[in-house]
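J.: give the three-dimensional model of this entry:
(chains A, B, C and D)
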Amino acid sequence: MLEIAPLAVAGIDLATGTAAVNGMVSGLPVCIAPAAPLTRWSLRARDAGALSAAIGRALPDRIGVVIDGIARLGPDEWYALLPEGTVLPGGAGLPVSVVEVTARAVGFTVEGAGAVAALARGCPLDLAGFAPGRATRTVFETVEVQIWATAPETYHVEVWRSFAPWLWHSLAAGLALTAGLD
Amino acid sequence: MSGYRLARGGRIDRNRPVAFRFDGRDYSGFAGDTLASALVAGGVTLLGRSFKYHRPRGLLGMGAEEPNALVTVDRGPARITPNLRATQVALHDGLVASSQNRWPSLKFDVVALNDVFGALFPAGFYNKTFMWPRAAWEALYEPVIRRLAGLGESPVARDPDHYDATYAHCEVLVIGGGIAGIEAALDAAQTGGRVILIDDQDDLGGGALSDAALWPLLTDLKARLAGCANVTVLGRTTAFGYYHQNFIGAVESLTDHLAPAEATGPRERLWRIRAGEVVLAQGAIERPLVFDGNDVPGVMLASAGRTLALRHGVAVGRAVVVMAAHDSGWRDALAMAEAGVTIAAIIDIRDVVPGDLAEAARAAGIAVHTGCAITHVSGRHAVKGVTFAAAGTGPERHIACDAVLMAGGWTPSVHLWSHGKGSLAWSEAWGAYLPGTAIENCRAVGACAGAWSLGSGVITAVLPNRKPVRAQKAFVDFQNDVKARDIHLAVQEGMRSIEHIKRYTTNGMATDQGKTSNLNGLQIASTVLGRPVADIGLTTFRPPYTPQTFGALMGHHKDALFQPVRKSVIDDWATAQGAVFENVSNWRRARYFPRGGETMEAAVLRECAAVRNAVGMFDASTLGKIEVVGPDAAEFLNRMYTNPWKGLQPGRCRYGLLLREDGFIMDDGVSARIADDRFHLTTTTGGAARVLGMMEDYLQTEWSDLDVWLTSTTEQWAVIALQGPMARAVIAPLVEGIDLDGAAFPHMAGREGTIAGVPTRLFRVSFTGELGFEINVPAHEGRKVWDAVHAAGQAHGITAYGTETMHVLRAEKGFIIVGQDTDGTMTPADMGLDWAVGKKKPDFVGKRSLARPDMDAPGRKQFVGLLTEDAGELLEEGAQVVADPDAPIPMPMIGHVTSAYRSAAAGRTIALAVIADGRARIGQTVFIPMPGRVIRAKVTAPMFYDPEGSRLNA
Amino acid sequence: MRFSGFNLLAQAFNGHQDWPEHWPDKAPKPEYDVIIVGAGGHGLGAAYYLAAKYGITNVAVIEKGWLGGGNAGRNTTIIRSNYLYDESAHLYDHAVKMWDGLSQELNYNVMYSKRGVLMLAHNVHDIQSFKRHIHANRLNGVDNEWLTPEQCKAYCPPLDIAPNARHPVLGGALQRRGGTARHDSVAWGYARGAVARGVDIIQNCAVTGIRRGPDGAVLGVETERGFIGARKVGVSAAGSTSLVMKMAGLDFPLESYPLQALVSEPVKPIFPCVVMSNTVHAYISQSDKGELVIGAGTDQYVSYSQRGALHIIEHTLAAICEIFPIFTRMRMLRTWGGIVDVTPDRSPILAKTPVPGLYVNCGWGTGGFKATPGAADLLAHTIAHDAPHAINAPFNLDRFRNGRLIDEAAAAAVAH
Amino acid sequence: MILIHCPYCEEDRPEVEFTYGGQAHIARPLDPAALDDAEWESFLYIRSNPRGRHAERWRHAHGCARFFNAIRDTVTDRFEVTYKAGEQAPDGAAR
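T.: Numbering: from 1, shown residues only, chains lettered A, B, ... in the order given. Take a look at the predicted model:
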């Protein structure tokens, strides 16, 4: 009988990291850390003006742009990352949709000169031209994520809670894996 | 000159000897050697055995085109890799390699008997025999064939190595690091954009590495390249596939060239490169000549001989004969002579050879024979000498030698160009295909574009010889043992397409994928068919250019990172309780909570009894959840679901049934109206993404006028199902802002308030038939509320239960599970769910399909209960139901068991099934044939517990 | 000349000079009794059975490229009949019965190898689905047995049955009569057999139109090499069926998708059978040459380009190595793509069409090779009798109108 | 890995962000009950399946999440043009 050695760490044992991890990707330093707690809101409306009035906040008009923590993801879709404790009006009765999704996702920050290389291991976008103030929904390998360029060489990554352990270890594996190379 | 190492020369470090083992013997080479060059230096000419005839094989080429020197490299336990080309195995200290495909040894291979009786095994022989006696194919012939099949040994242990993958972007990607490639990279670098240069060697230079005259230029180009910050050079990297819109797949070897002890990090990395422009500079591959004995070990390409001498300081032999049909053979001979290799003679098929070359050869004391062809090579495991004759048929002359170099011309490498669907144009001058017009932003430079002067020559099929082709051991595909005669036989038997000839002879189907055999095969086919080569065409070039490791192509999708396992916020608690889990879609869910070594059955009976008699709690967080918000929310759900929604008041819940447009049940779930313009929708765990995608499709493309929006909240809410007569008592002390009294908060109602201080949406929903609540709280508070409810429940004997118990309890009530009781071919009527279909609604998704003739024809399977006559008999889910168990096979079947459990509440086993005209059969006996026996059962209504629903409405 | 070990030995002594042409290059005659469009395994087989079983020898098989060059020449060669519904089980088992002895019938070794097809169950839903198949198969006379994880491992040693794998093996359904055959040999064997019985095979002759008489009945086909008459035309063109049917004014419930597959470098055989996994979407076997033959599902969009996508290959190999971790160090030798025609219920259409004299055999999707002898036989029957056989009667065009679908894929839908 | 131009994001994005939505411009009838079984069969199942220009639907699922239409050559897989849901195909517009 062909004996095959058991898995050292199985997928079912992975847990989301709780502390920052530092390493190198393609010879450049990177730090991956859990993001600070936030409140999250999915905001939808056909008419941006009505939505802006409903929640009393400015909204970016171009898809992929962020203004004061609110990104426009689609023609009728905005997504807000706001400080903990923020509460937005529900827009009841208006032709808008305001839904809190704070608990739906987990955020990571990816910082450093190697941040683009760390994300490029699984994200197919050309992030070199992804300047601060941009945000988009995309994928990391098979998992849907959002990537926000919050500052030079600094990115905030949003991922649904149950995919976070896999994404954390996939990002972290890139560091440990190549740390010793160059 | 000791052995075959030249006293001087070569781009090797003679101060760094490297010890290695091959087939159990110790050898030593130098840093800068490949395994191939070090072995030749050590006097080893026999390196392998061919696939079919097991003929002795020596080195043929110097790179990716090598078909013969395939070795297995052992880098320690579970790190053994078969079929590696010795020409591409970098030498490192302690390298352990062995030959393959021979038994008992490389020198004495018993299977070479295939060669002795080779006449019995021409191309396609296996189609003509092994058919008698009929059983012998499986009993005798195939087992023997499989024993002899394959080259190296398959790995047999889990691979401890890791692999990495990444995307990359650049404005210009240059593939091939020879002079032409480096110059293209330097030009591109001037534009300031990102440039990537790929080369499969560990040292840039390509062909120039074997041409001392070009070394100064090479050194200068490489220095200028190093100065360009925007150029990334990927060495030891092979671009293997050219996909849509300049998307290139490449694999970088990271540690195989290092001694195992120094090898840290991933073994290989997959590069997925998107390039603005692709410049192909892959050079050309020298073409063997086809003549009797051209496969004796020691017969190799002239470029291989030159590379050994100039790049590795190794003489391929002590007396070398060159058989040329192209000027490059002469240049290689002269360069090798200058490096100290004794060239016994240059034989050229052409009558006239460029004067300067002939002159230089004579000046170097090399015998020259033009207008001649080798007619035989003597020697079995190594070359002993050659026989040649004018025009191949004149009087025979002999030359003693220990190596023969073939210079048959050059084939520009158009592999990647062809992957990219660029057209090919036949070039008479090259006797090969050159790149035509590209459909991608791609251009070819250097030899692979036919733009590199390697001199000129003539293209030959089989060299002229007095012996007929069928009597010559003249090889076209050295690994798959395809001789020129085999191509003649293929055409004789009616194979006229090159694709037929290739598949019939297996020419070009070996691990080198025809790099040295396709063009010769085509040329021979052309002469036999009497049709010009350009009319016959080439077989399709398919990725990968060279074989690539599965591990590299998986990237980091290996072991624990293969695929995400989705876990709820309660998962850790369940793990601590020793729960046994099951995979449901890409989630994992607790199936049951065994205590003290209980079996699943025992645990489930205990959990069921706890829910029926006291109270149970269940993690329902994995159910799909969608927030439907907007003025047209109710109208939208009205159009999607079979049920009417407009009349549902805020604070009420309703069971929703969703069909596909073809009328078959796709999903179901309970939904609550939170407000006039807000619904909290629930779907099955497996259907969540599918349902949301389908709804977005209809909303965006069919009913884009509706003001309503869908937001996935599957992972926003943790959901605790609290079921049982004591459920209300458990949460009463925890809930604020909601009157839990039965009248104020009836079954199928929904309220908002707080529980354990956490905001909640509390629904009175029961999938068990007991008094039931579904507690929805924000996921990051889920565990806290779970613990609070668990603590509050201790006094009432609260018990956690899993999916198996949930299945039993819902089955006792006859509630369906979409995907288990239905299989995508059932209508609402089939499943007894007509009550959920809004008869007055003009339309909903699937309604029109329900009106098709067959959708309510007699004989459709209907959802019913089954009670076995033997109360203890547990039916097997999936078992078939028949009306007449004595009917002969194929026995007509009328349905199957969808669910079957032991039921504490019913005090016996119960089952649900779908049976043709099932409802009309209630009360009748049906039969479930099992291997060796028949089980009798009575058809009942699908309801085994509290039919009036009194407990539900407590 | 008859193929046999004796003749091979005899021919060895004169350089194999007497082997005749399998299928001489033929110019088309102006008129035939029957024309088959598409020289794949099904088309060539239908011509063979028209001649061998029904004595209809004035037949032409018309092929736009080289015979056996479509899906027949580029599939993963899997043979099985453990389908769920009665109609499918009878259709595919009719074929599996004919695979037995096909080499002898054609006097051409097609290397049908009954090594067993093992379908892996990775979750409770899979177990329920496979048990349902096993019970239904037993009552339909199709062999299929349930194996525990340990029995699966014993049958296929390279299998990893570690309980903590991402998709642990919870058992398997084994059809021992399933297995593989050599795809090219099937097409060439039928071609040789058909030609030996008087059938003309006309390669490099694309059909460009279908000519119909005033009553709408078929008169013959327009081709690159002129009009060729026939009262009966059987279309067996796989991925090109939609295009050919439009020539007769018919719109079909068909879409053509790329299906990619790959082989590894050849190694000493270690993999004894065929293994399939619906959950991770991949299947694998090892050919008699020692190459691992690996396939997966179709690409997601309609396409006739056989370029294929790299990310499909990545997912396929990750899936294979999840279940067979020993193969991570194996190397991919060649990838290729076929064009498979898929119907809404994933079941084939083998029937008459509304156009008198026009018959169709299509919609086999990813499963056409395994059905080759059966489909060929039934297409020949349908053409010869101008009426379907009982086995292929349910696989008609009407089922999409009246809703009587045979949806094998739905049964495998993902769980509760 | 094809690059697809999303008409909403107005950017070329990689194929793995998209899902295919089948043949385009098969609008669901406003009153399905008015169709006979053959017409309903055509709506549900009959597809053009051309070798060449094909009007089809895609969804930028992992991007702006919108459905849109495209004309693609099913032989080269090259996208000729993409346009928003509800718009008609720009006739012969070559991109």
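J.: when you scan stretch B:418-425, is anything in it near chain C?
T.: Yes. Using C-beta under 8 Å from any C-beta of the partner chain, a contact is recorded between stretch B:418-425 and chain C, made by B:419, B:421. For the C-beta atoms, the positions are set from N, CA and C on the backbone; glycine is no exception.
J.: now do the buried residues in that stretch.
T.: B:418, B:419, B:420, B:421, B:422, B:424 (16 or more other C-beta atoms under 10 Å in any protein chain shown).
J.: roughly how far out does it sit from the chain middle?
T.: A distance of 25 Å separates the C-alpha centroid of stretch B:418-425 from that of its chain, computed with C-alpha atoms, centre = their mean, to the nearest Å.
J.: what about it, average pLDDT?
T.: Stretch B:418-425 shows an average pLDDT of 94 in the prediction.
J.: could you confirm whether that stretch reaches chain D?
T.: Yes. Contact of stretch B:418-425 with chain D is found when judged by C-beta under 8 Å from any C-beta, involving residue B:421.
J.: just the CA trace of that stretch, in PDB.
T.: Extracted in PDB, the C-alpha atoms of stretch B:418-425 (Å, rounded to 0.1, in the frame of the first residue of the first chain):
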ATOM      1  CA  SER B 418       2.200  29.700 -33.000                       C
ATOM      2  CA  HIS B 419       0.500  29.500 -29.500                       C
ATOM      3  CA  GLY B 420      -0.300  33.200 -30.100                       C
ATOM      4  CA  LYS B 421      -2.000  32.200 -33.400                       C
ATOM      5  CA  GLY B 422       0.600  34.000 -35.500                       C
ATOM      6  CA  SER B 423       0.600  32.700 -39.100                       C
ATOM      7  CA  LEU B 424       3.600  30.800 -40.500                       C
ATOM      8  CA  ALA B 425       5.400  31.300 -43.800                       C
END
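J.: spatially nearest residue to the closest residue to chain D within the stretch 51-200 of chain C, not counting backbone neighbours?
T.: With C-beta to the nearest C-beta as the measure, the residue in the stretch 51-200 of chain C that lies nearest chain D is residue C:64; the distance is 11.7 Å. Across the structure, with C-beta to C-beta, 6 or more residues apart in numbering or on different chains as the measure, the residue nearest residue C:64 apart from its sequence neighbours is residue C:206 (3.6 Å).
J.: what do you get for residue B:571?
T.: residue B:588 (7.1 Å).
J.: and residue C:350, by the same measure?
T.: residue C:392 (4.2 Å).
J.: likewise for residue B:152?
T.: Once its chain neighbours are removed from consideration, residue B:152 has its nearest residue in residue B:82; the separation is 2.4 Å (C-beta to C-beta, 6+ apart).
J.: residues in contact with the helix or strand where that neighbour lies: which ones?
T.: Secondary structure here is read from DSSP states H and E; on that basis residue B:82 sits in strand B:80-85. Counting by C-beta atoms under 8 Å, 6 or more residues apart in numbering or on different chains, the neighbours of strand B:80-85 from elsewhere in the structure are B:36, B:63-64, B:66, B:69-75, B:97, B:100, B:151-155, B:511, B:547, C:265-267, C:329, C:331.
J.: so which residues on chain A come close to chain C?
T.: When proximity is defined as C-beta under 8 Å from any C-beta, chain A approaches chain C at A:1, A:2, A:4, A:6, A:7, A:10, A:11, A:12, A:13, A:142.
J.: drop anything exposed from these.
T.: With neighbours counted by 16+ other C-beta under 10 Å, the residues of chain A next to chain C contain buried members at A:4, A:7, A:10, A:11, A:12, A:142.
J.: where's the dip in pLDDT among those?
T.: Lowest pLDDT within these is found at residue A:7 (82).
J.: quick check: the gap between that one and residue B:930.
T.: Between residue A:7 and residue B:930 the distance, using C-beta to C-beta, to the nearest Å, works out to 37 Å.
J.: show me the shaky parts of the chain.
T.: Going with chain A. Along chain A, the parts satisfying pLDDT under 70 run over A:176-182.
J.: you looked at the wrong chain, it should be chain B
T.: Regions of chain B meeting the criterion pLDDT under 70 cover residues B:1-2.
J.: domains in it, by residue range?
T.: According to automatic domain parsing, chain B comprises the domains B:4-129, B:163-284, B:623-713, B:811-840+B:853-940.
J.: over to chain A?
T.: Chain A resolves into domains spanning A:20-36+A:103-179, A:39-102 when parsed by automatic domain parsing.
J.: just those domains: most buried one?
T.: For these, ranked by mean neighbour count under the definition mean count of other C-beta atoms under 10 Å in any protein chain shown, the leader is domain A:20-36+A:103-179 at a mean of 20.
J.: that one near chain D anywhere?
T.: Yes. Applying C-beta under 8 Å from any C-beta, one finds that domain A:20-36+A:103-179 is in contact with chain D at A:124, A:125, A:136, A:137, A:138, A:139, A:144.
J.: now the second one: closest residue in space that isn't a chain neighbour?
T.: In other words, residue A:125. Spatial nearest neighbour of residue A:125, chain neighbours left out: residue A:138 (5.5 Å); criterion: C-beta to C-beta, 6+ apart.
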